[in-house]
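Undergrad: Next come a sequence and a model predicted from it.
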Amino acid sequence: IFNFSAGPAVLPVPVLERIRDEMLCLPGAGASIMEISHRSKQFIAIHEQAKARLARLLNVGADHEILFLQGGARLQFSMIPMNLLQGREQPAQYILTGSWGKSALPEAQKVGPVEVLFDGKETNYDRLPDISKLAIKPDASYVHITSNETIQGVQFPADLDTGTAPLVCDSSSDFLYRPYNMDRYGLLYACAQKNAGPAGVTVVILKKELLERSSAELPGYLNYANQAAADSMWNTPPTFAVYVLGLVTEWLEDTVGGLEKMHALNQSKAKVLYDILDQNPELYMGHARKQDRSLMNVTFRFPSEEIEKQFLAGASAAGLENLKGHRSVGGIRASIYNAMPSEGVQALASFMTEFAQKHG
Ligand code: PLP
């Protein structure tokens, strides 16, 4: 089947094959990755390689720290304000372009002063704000965005410039889909289970100067400075998930050829589907405003639930699975992350074209 799930999502086939081949015995270790110590030289090498590959792919310089944490993106909804906002007078400013930003907000409100700079509720989260019109405070504790709203399919296409206010970005559902200008980010975080690996590890990349904000009063696990000092091994790390993250970054560097190439592939995959939406606007009613469409999650509705049912049944019969939209918005969502091959997108496009001929 082709799996269009929003997450946990598909992994590149060569990565799955490598995991299968190395599952019983990691080369040089004499045991499975799941059986070796996180203090062993084999695991330390895997951990260091994964960090080094991420740093090369994203052009992360010495002024940033790369952490591998647990608890998913949702724990970051709390850890970010606990470390960067607690005890400060300057507010954190949140830009809400969909469900995940909305979920991050109340976690920050529990910790310190928060302002909402933009809330896309009025138009049902179908668009991005005009950034030049937002009242970003130069001394804000941070500005939080969700670079790709997984449920609505609305995505920031470029790195925002928030000036002296540190930009904090939830990149869970578009991490590594294009090159980034990391200088723009105070903190970038992503759970792995869409573009970067299996559930279990969350990548947090933050400016070292922000580590000074972490209070010693914080619980040890939740303290970024503590995690950085321990190189993300304050407790036993999710060794298997870090290993797979390492394999995905290796695939991105050595097989895909880097993030510029990945971006071009993602642009061409998404174009195939959006062209079909644009050719059949009365049948495939796109959710996101055209200029704010996501390259990762293509969302649309039908004029009736009956047609939607027929679409989903027909797609499933053709081996195209997990296309049902999130329960909160309904409709269809085709998630086409980095690992979705062009053949999968082509198969969906052929099905959609045929379906439109029958129902258009
Ligand atoms: N943020 C975004 C943009 C997401 O897409 C998701 C999950 O789908 C999350 C946060 C929550 O991630 P987790 O389940 O790892 O906490």
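TA: Arrived safely. These figures come from a predicted structure and were not determined experimentally.
Undergrad: where do the helices sit along the stretch 1-150 of the chain?
TA: 13-22, 41-58, 72-84, 99-109 (DSSP state H, counting those that start in this stretch).
Undergrad: Mean neighbour count and distance to residue 325 for those - can I get that in JSON lines?
TA: The C-beta positions use only the backbone N, C-alpha and C, and glycine is treated the same way. Listed next are these as JSON lines, based on neighbours: other Cβ atoms under 10 Å; distance: least, Cβ to Cβ, whole Å:
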{"stretch": "helix 13-22", "mean neighbour count": "14", "distance to residue 325": "26"}
{"stretch": "helix 41-58", "mean neighbour count": "18", "distance to residue 325": "30"}
{"stretch": "helix 72-84", "mean neighbour count": "22", "distance to residue 325": "20"}
{"stretch": "helix 99-109", "mean neighbour count": "19", "distance to residue 325": "12"}
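Undergrad: Distance to the ligand and mean pLDDT added to those helices, as JSON lines?
TA: Listed next are the helices of the stretch 1-150 of the chain as JSON lines, based on distance: least, Cβ to the nearest ligand atom, whole Å; pLDDT from 0 to 100:
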{"stretch": "helix 13-22", "distance to the ligand": "19", "mean pLDDT": "98"}
{"stretch": "helix 41-58", "distance to the ligand": "18", "mean pLDDT": "98"}
{"stretch": "helix 72-84", "distance to the ligand": "3", "mean pLDDT": "98"}
{"stretch": "helix 99-109", "distance to the ligand": "4", "mean pLDDT": "98"}
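Undergrad: Mind putting those helices into CSV with distance to residue 177?
TA: Listed next are the helices of the stretch 1-150 of the chain as CSV, based on distance: least, Cβ to Cβ, whole Å:
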stretch, distance to residue 177
helix 13-22, 16
helix 41-58, 11
helix 72-84, 16
helix 99-109, 16
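Undergrad: quick one, what contacts residue 25?
TA: 31-32 (Cβ atoms under 8 Å, 6 or more residues apart in numbering).
Undergrad: Show me what from the stretch 51-200 of the chain comes close to the ligand.
TA: 72-74, 100, 146, 150, 170, 172-173, 191 (Cβ under 6 Å from any ligand atom).
Undergrad: redo that, cut-off 5 Å
TA: Residues of the stretch 51-200 of the chain lying close to the ligand (Cβ under 5 Å from any ligand atom) are 72-74, 100, 150, 170, 172-173, 191.
Undergrad: Among those residues, which one lies nearest to residue 93?
TA: Checking these against residue 93 by Cβ to Cβ gives residue 170 as the nearest, at 14.3 Å.
Undergrad: Verify the stated contact: residue 235 with residue 221.
TA: Yes - between residue 235 and residue 221 a contact is recorded at 6.6 Å, counting by Cβ atoms under 8 Å.
Undergrad: okay, these two: which has more neighbours?
TA: Between residue 235 and residue 221, counted using other Cβ atoms under 10 Å, the more crowded position is residue 221 (14 against 11).
Undergrad: Wait, a strand at the more buried one?
TA: No - counting by DSSP: H, G, I helix; E, B strand; the rest coil, residue 221 is not part of a strand but helix.
Undergrad: ok, it - contacts?
TA: 227, 234-235.
Undergrad: Just the residues you listed: which are in strands?
TA: Nothing among the contacts of residue 221 maps onto strands, per DSSP state E.
Undergrad: Would you convert those residues into a markdown table that also reports pLDDT and distance to residue 155?
TA: Below are these laid out as a markdown table (pLDDT from 0 to 100; distance: Cβ to Cβ, whole Å):
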| residue | pLDDT | distance to residue 155 |
| --- | --- | --- |
| 227 | 98 | 29 |
| 234 | 98 | 33 |
| 235 | 97 | 34 |
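Undergrad: Would you map the strands across the protein?
TA: 2-3, 64-69, 92-96, 114-119, 142-146, 148-149, 154-155, 167-170, 185-191, 202-207, 285-286, 297-301, 320-321, 332-335.
Undergrad: Can you list the strands that the longest one pairs with?
TA: Okay, so that is strand 185-191. In the sheet, strand 185-191 lines up against strand 167-170 (parallel), strand 202-207 (antiparallel) (DSSP bridges).
Undergrad: Show me what the last one is in contact with.
TA: Contacts to strand 202-207, defined as Cβ under 8 Å, 6+ apart, come from residues 54, 58, 60, 63-73, 75-76, 79, 166, 175, 182, 185-192, 196, 224, 245.
Undergrad: From what I see, residue 287 and residue 120 are in contact.
TA: No - counting by Cβ under 8 Å, residue 287 does not reach residue 120; the two are 11.6 Å apart.
Undergrad: Please identify every residue contacting each of the two.
TA: residue 126.
Undergrad: ok, those two, which is more surrounded?
TA: Neighbour count, other Cβ under 10 Å: between residue 287 and residue 120, residue 287 has more, with 25 against 22.
Undergrad: nearest spatial neighbour of the more buried one, skipping sequence neighbours?
TA: Spatially, and ignoring its direct neighbours in sequence, residue 287 is nearest to residue 299 (4.1 Å; Cβ to Cβ, 6 or more residues apart in numbering).
Undergrad: Can you give me every residue that contacts the residue nearest to residue 200 when sequence neighbours are not counted?
TA: Closest residue to residue 200 apart from its sequence neighbours, by Cβ to Cβ, 6+ apart: residue 241 at 3.5 Å. Contacts for residue 241 (Cβ under 8 Å, 6+ apart) come out as 192, 197-201.
Undergrad: Is it possible to mark the buried ones in these?
TA: 192, 197-198, 200-201 (16 or more other Cβ atoms under 10 Å).
Undergrad: Among those, which one sits closest to residue 8?
TA: For the buried ones among the contacts of residue 241, the nearest to residue 8 is residue 198 (6.6 Å; Cβ to Cβ).
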